[in-house]
Each structure stands twice: as C-alpha cells, then as structure tokens.
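Q: My questions concern the predicted model and sequence given below.
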Amino acid sequence: MKILKKILLVLLVLFVIAQFFSPEKNDGDMASVEPFLMETYPPADVKEILKITCFDCHSNKTIYPWYYKITPVNYWLADHIKDGKKHLNFSAWNDYSMKKKEHKMDELHEEVEKGEMPLKSYTWTHANANLTQAQIDAVVAWGKRVQTEYKSKMQAK
C-alpha cells in the first residue's frame, strides 16, 4: 500500500508540473475569415452557424473553453484544431485555387448533410453546435449555391 501511495504522489506531482506547459494557441483574428465571408456571401443565419460550429477548428481564430487550461486536454484540442485547419482553413481561403475552393465547398455541404460535421466530439462540449435539420438545410443550400458559382467561373475560363 505504501508503494501505491508513492506512485499516486509521483503522478500527482507530474500532473501539477504538466500544467505549466501548454501548446501554442490559435489566437488569430476573426478578420482573417472576412475574405471567405465576402466571397461566399452566406446569409446571416448561415454566417452565425459557421461562426458557432466551424471557425474554432477551421480558421486562425479559436475561442477556447475553460478546460483548455488543463493539460493534457489542451494538447488534444490543439491537435484537433491543427488537423481541422489542415483539411480546411477559412482564414486561408484567398490562398486556395478556384478548383480547390469548389472542392472545399463540395466537401463542406456533403459533410454537414451527412452529419459528419461538426464532429460529435465538438458538439459534446458545444451544445449550441448541434444543428437542427433547418440549419443543416440552410448550410447545404448555401454550400451548393457557392459550389455551383465556382463551377461556373471555372467553366467560363
């Protein structure tokens, strides 16, 4: 039993020390998504949905929950954000080619329509990110419209 107490004490000390270390935060500016919003012109309801459900992981600005301060949770979240931005970064929209923008809009509305986005792990802790069918329909309709516009622009070239 004495060994177990020592092991628990060592683990507690390591946990406390770990709290002094954290990954780099995704502390950009919401202005970084403006080019995306100006180009795709989402209706007000869709813009709000994007803000609540997408931008934390798919832009250069994340609004962190209180539990981000806890190591190792903060490393898990940082990795999640890094992976999300690797797949789609609204803050880098101007850097995408027309073809890539069209493809990303296709993926966006498909993922939302299938219920694969936002991720379940995100909606567990962000209840307001659970989309209703009407919200899903609005995002899908907007995404399809924007994708069609990109296809038309590519065909016109």
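A: Everything's here; your move.
Q: Point to the residue nearest the middle of this protein.
A: Here the mean C-alpha position of the chain is nearest to the C-alpha of residue 57 (C-alpha atoms, centre = their mean), at a distance of 2.1 Å.
Q: Test my guess that that residue contacts residue 82.
A: No. The pair residue 57 and residue 82 fails to qualify as a contact (C-beta atoms under 8 Å) at a distance of 9.1 Å. In short, each C-beta sits where N, CA and C put it, glycine included.
Q: same question for stretch 56-71, mean pLDDT?
A: Computed over stretch 56-71, the mean pLDDT rounds to 82.
Q: Pull the number of nearby residues for residue 61.
A: The tally of other residues near residue 61 (other C-beta atoms under 10 Å) stands at 17.
Q: can you pull the contacts of residue 143?
A: Residues counted as contacts of residue 143 (C-beta atoms under 8 Å, 6 or more residues apart in numbering) are 105-106, 108-109, 112.
Q: quick one: which of these sit in helices?
A: 105-106, 108-109, 112 (DSSP state H).
Q: if we take these, which one ends up nearest to residue 65?
A: The nearest member of those to residue 65, counting by C-beta to C-beta, is residue 112 at 22.2 Å.
Q: can you tell me which helix or strand the nearest residue to the closest one once chain neighbours are set aside belongs to?
A: The shortest distance from residue 112 to any non-neighbouring residue, by C-beta to C-beta, 6 or more residues apart in numbering, is to residue 139 (4.9 Å). Using DSSP states H and E, the element containing residue 139 is helix 133-156.
Q: tell me the mean pLDDT for that helix?
A: Average pLDDT, helix 133-156: 92.
Q: likewise stretch 28-41?
A: Per-region confidence: stretch 28-41 scores 89 on mean pLDDT.
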